[in-house]
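J.: Mind looking at a prediction? Sequence and model below.
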Amino acid sequence: QEQLVESGGGLVQAGDSLRLSCVASGRIFSDYAMGWFRQAPGKKREYVAAISKTGGSLKYVNSVKGRFTIYRDITKNTVYLQMDSVKPEDTADYYCAAGVSAAATDMDRWDYWGQGTQVTVSS
């Protein structure tokens, strides 16, 4: 069964760092781009970052550029989201996803989803 499992969320203070992890089944990791989305209370789920299935292309939403880094470890079938200099507005549930294109910002174009991990940033 294909699945994505996130971990690493928690409560941090503004300016701190946090790393989210997403372990994917082998077929997903090798055949799909991997991405992170987030959803704050009362808001739509938004694209945060993604990495192509080859690892050669990285994409970020403007609000996290220079603060977040997406990368992967192919030996562990894991994609990470390193979150530095976090801000209260980064507070959200973060979801790992797998899809055809790392550049696809519409969540409807992503095929597999994890259960989410909560990130809360206090000011």
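T.: Sure thing, it's come through. Please read these numbers as outputs of a predicted model, since none were measured by experiment.

J.: now stretch 30-37: mean pLDDT?
T.: Taken as a whole, stretch 30-37 has a mean pLDDT of 95.

J.: Return the residues in contact with residue 64.
T.: 48, 49, 83, 90 (CB atoms under 8 Å, 6 or more residues apart in numbering). Yep, even glycine has a C-beta here, placed from its N, CA and C like the rest.

J.: Not counting residues beside it along the chain, what's closest to the third one?
T.: Spelled out, that is residue 83. Closest residue to residue 83 apart from its sequence neighbours, by CB to CB, 6 or more residues apart in numbering: residue 18 at 4.6 Å.

J.: measure the one you found to residue 55 for me?
T.: According to CB to CB, to the nearest Å, residue 18 and residue 55 sit 22 Å apart.

J.: quick one, which of these two is more surrounded?
T.: Neighbours were tallied for residue 18 and for residue 55 using other CB atoms under 10 Å; the higher tally belongs to residue 18 (20 against 15).

J.: That concludes my questions; thank you for your assistance.
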